[in-house]
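Engineer: Kindly return the folded structure for what I paste below:
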Amino acid sequence: MVWIVLILAGLFETGWAIGLKYTQGFTRLWPSVWTLLAMLASVWLLGLAMKSLPVGTAYAVWVGIGAVGTVILGIALFDEPAGAGRLISIGLIVAGIIGLKLATPS
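Structural biologist: Sure, this is the predicted structure:
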């Protein structure tokens, strides 16, 4: 269950990172509100996960999910480049997340 909470925290991190693009520097009300709510949800869920998981593992997985999700959505939503180097790097981050999951007792 704690890993599900951590995955949700990472997904909310992706949401607020992408949301920042839509706020246009926090000048647009509703995108700003949703982005701030996603930030709060992400950090709150991360805090819950850290009750049971080591801080280094939880934080690295949270950041990794957020980074991978943000890059993928940047490619899909904003027509960012999807070159081989970027895709290989995403794969390495995913491998690191899986490695941390397998190496962490919970």
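Engineer: ok, which stretches of this protein are helices?
Structural biologist: Secondary structure of the chain (DSSP state H): helices located at 2-23, 29-49, 55-78, 84-103.
Engineer: Let me have those helices in CSV, adding mean pLDDT as columns.
Structural biologist: Listed next are these as CSV, based on pLDDT from 0 to 100:
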stretch, mean pLDDT
helix 2-23, 97
helix 29-49, 98
helix 55-78, 98
helix 84-103, 97
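Engineer: and these, which is most packed in?
Structural biologist: Of all the helices of the chain, helix 2-23 has the most neighbours on average by mean count of other Cβ atoms under 10 Å, namely a mean of 19. Using the backbone N, CA and C atoms, a C-beta is placed for each residue, glycine as well.
Engineer: and the angle for that helix with helix 84-103?
Structural biologist: 150 degrees (axes from the mean of the first three to the mean of the last three Cα atoms, to 10 degrees).
Engineer: What pLDDT does the model give residue 26?
Structural biologist: Looking at residue 26, its pLDDT reads 97.
Engineer: Give the closest residue to it in space, chain neighbours not counted.
Structural biologist: Spatial nearest neighbour of residue 26, chain neighbours left out: residue 32 (4.7 Å); criterion: Cβ to Cβ, 6 or more residues apart in numbering.
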